[in-house]
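K.L.:
need coordinates for the below:
(one chain, ligands or ions: 1)
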Amino acid sequence: MTGRPTVAEVDLVAIRDNAETVRGRLGPGVRLVAVVKADGYGHGAGPVARAALAGGAEALSVALAEEGASLRAQGIDAPILVMGPTLGAQAAIALQAGLETTIYDSVSARLLAEAAEREGVRAPVHLKVDTGMGRIGVAHDGGVLDMALDLVRQPSLHLVGLMTHLASADAADPQSALRQWARFLDVVDALRRAGIEVPFVHGANSAAALRWPGMQGSQVRVGIALYGIAPDPVSVQLKPALSLRSAVAQVKRVGPGFPVGYGETFVSEDEAVLATVPVGYADGYRRAFSNRGRALVGGAWARVAGRVSMDQTVFALPGTASVAVGDPVVLMGAVGAEAVSALDWAGWADTIPYEVLCGIGPRVPRVYRIREEGRPAASVDADFLASL
Ligand SMILES: *Cc1c(COP(=O)(O)O)cnc(C)c1O
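P.N.:
Numbers count the residues shown, from 1 in each chain. Below is the predicted model:
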């Protein structure tokens, strides 16, 4: 039950369709791994995972063991890879939930091997190679082969994947990504010559998977594109899945000189209509949007007036506007041909769509919709429908 009108509406058909669109760009036999870390980039990991699987994703990946365990608890049995470090008690969590984990040095390998022995299982692991990202990963020119040979000798570990991550897949200049991919292929070759074949070789995120088919490897790890945001500079038709909606709580018709909000950073110059909306930075409607953001209030464009506060934001419309309490407010999303995008939000806050999406707070209920445009509802997998 949600009473407050501020909700994030997530269109699961859009997510399923985006997965299908991405799949259509993959080479034969390339597996789509849907990245649902950070609660599905703020959309809700469980429903997003089901929608992506319905759209042809064959596996999932998350950043933390806990995120993977939560998907298992929601009844999702697809393969799940933990891409981030698995530390301390996370090893047991990962193994008990049947997750694949990422190993990046001898310490992380030992932790997993010991936990696997305790749990009495053989832990499926991916070896992460640092080819230029500089985060977790064994250096591409620093003993990867020895590390892999050591891994395959350990009875409690099963080396199933070799992975890397690109630092600049969305840069206009492809040189850096090409260099990283060449280093990665050298490592794959060296292992192969030593008799080590791994089923999954992967390094592409959304941008790389869509820009360079040659970097798709045997699977791609796609996040942002699933949520409907085309990674720069790829041109692909995707459907944004999330809209943030609310409703007008109070309307004030004011003359010139009317101050609004903390610090009185907005003072009306003219007659204006001010609409107070119950959304604030605690919901992920960021303070950086103060006097910058725009929204559709009762279908008309309005501008944030004054500072966004923790729980309320005021929007200004021209004095001629007709706005009433209860009118719908679209903070992100579309109304007819007009739309506010995650990219708009990112621009106002000098950041990227990823950060604004996963910043939508836990206080905002996620409401799931299945909106079919010109397609029979039956094209949605029956189990998927039943799961909602
Ligand atoms: C988040 C993440 C991805 C997905 O990136 P997108 O740009 O959202 O497609 C892929 N691989 C790793 C290692 C990640 O951390």
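K.L.:
could you list the contact residues of this structure toward the ligand?
P.N.:
V35, K37, M83, H165, N205, S206, A207, R221, V222, G223, I224, P231 (Cβ under 6 Å from any ligand atom). All C-beta atoms are positioned from the backbone trio N, CA, C, and that covers glycine.
K.L.:
tabulate those in TSV, adding columns for pLDDT, secondary structure and neighbour count.
P.N.:
Output for these, formatted as TSV (pLDDT from 0 to 100; DSSP: H, G, I helix; E, B strand; the rest coil; neighbours: other Cβ atoms under 10 Å):
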residue	pLDDT	secondary structure	neighbour count
V35	98	strand	26
K37	98	helix	20
M83	98	coil	21
H165	98	coil	24
N205	98	coil	21
S206	98	helix	26
A207	97	helix	23
R221	98	strand	25
V222	98	strand	29
G223	98	coil	22
I224	98	coil	22
P231	90	coil	22
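K.L.:
which among those gets closest to V260?
P.N.:
Nearest to V260 out of the residues of the chain next to the ligand is I224 (Cβ to Cβ; 34.5 Å).
K.L.:
report the contact partners of that closest one.
P.N.:
Y41, N205, S206, P231, P353, Y354 (Cβ atoms under 8 Å, 6 or more residues apart in numbering).
K.L.:
out of the residues you listed, give me the two with the largest separation.
P.N.:
Largest separation among these by Cβ to Cβ: N205 and P353, giving 13.6 Å.
K.L.:
residues of the helix or strand containing A334 that come out buried?
P.N.:
According to DSSP states H and E, A334 maps onto strand 328-335. By 16 or more other Cβ atoms under 10 Å, the buried positions in strand 328-335 come out as V329, V330, L331, M332, G333, V335.
K.L.:
just the buried residues of whatever helix or strand comes next after that strand, please?
P.N.:
The helix or strand immediately downstream of strand 328-335 is strand 338-340, counting by DSSP H and E. For strand 338-340, the neighbour count (16+ other Cβ under 10 Å) marks V340 as buried.
K.L.:
helix or strand right after strand 338-340?
P.N.:
helix 342-348.
K.L.:
that older thread, for R50, state which of the buried residues of strand 328-335 is nearest.
P.N.:
For the buried residues of strand 328-335, the nearest to R50 is G333 (21.6 Å; Cβ to Cβ).
K.L.:
identify the bridge partners of the closest one.
P.N.:
Going by DSSP bridges, G333 is paired in beta bridges with V340.
K.L.:
roughly how far apart are it and the ligand?
P.N.:
Computed as Cβ to the nearest ligand atom, to the nearest Å, the G333 to the ligand distance reads 20 Å.
K.L.:
swap in D327?
P.N.:
34 Å.
K.L.:
isn't that residue right next to V273, touching?
P.N.:
No - using Cβ atoms under 8 Å, D327 makes no contact with V273, being 10.8 Å away.
K.L.:
and those two? Which one has more around it.
P.N.:
V273 (23 against 18; other Cβ atoms under 10 Å).
K.L.:
C-terminal to the helix or strand that contains the more buried one, what's the next element?
P.N.:
Using DSSP H and E, V273 sits within strand 272-277. As assigned by DSSP H and E, the chain's next helix or strand after strand 272-277 is strand 294-297.
K.L.:
model confidence over that following strand, on average?
P.N.:
For strand 294-297, mean pLDDT is 98.
K.L.:
list the strands paired with the helix or strand following that strand, with their directions.
P.N.:
Per DSSP H and E, strand 294-297 leads on to strand 300-304 as the next helix or strand towards the C-terminus. As defined by DSSP bridges, the strand partners of strand 300-304 come to strand 294-297 (antiparallel), strand 313-318 (antiparallel).
K.L.:
between the ones you listed, which one is closest to R25.
P.N.:
Once the strands paired with strand 300-304 are compared by Cβ to Cβ, strand 294-297 is nearest, at 32.0 Å.
K.L.:
report the distance from that closest one to the chain centre.
P.N.:
Distance of strand 294-297 from its chain centroid, counting by Cα atoms, centre = their mean, to the nearest Å, is 24 Å.
K.L.:
which residue sits closest to the residue of the chain found nearest the ligand, ignoring its sequence neighbours?
P.N.:
Residue nearest to the ligand within the chain: G223 (2.6 Å; Cβ to the nearest ligand atom). Once flanking residues are discounted, G223 sits nearest to V35: 3.4 Å by Cβ to Cβ, 6 or more residues apart in numbering.
K.L.:
likewise for T6?
P.N.:
S246 (4.2 Å).
K.L.:
pull the strand or helix carrying the one you found out as PDB, backbone CA atoms only.
P.N.:
Using DSSP H and E, S246 sits in strand 242-247. C-alpha atoms of strand 242-247 as PDB (Å, rounded to 0.1, in the frame of the first residue of the first chain):
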ATOM      1  CA  LEU A 242      11.700   4.300 -14.900                       C
ATOM      2  CA  SER A 243       9.400   7.300 -14.300                       C
ATOM      3  CA  LEU A 244       9.300   9.200 -11.000                       C
ATOM      4  CA  ARG A 245       5.800  10.600 -10.400                       C
ATOM      5  CA  SER A 246       4.200  12.600  -7.700                       C
ATOM      6  CA  ALA A 247       1.300  15.000  -7.300                       C
END
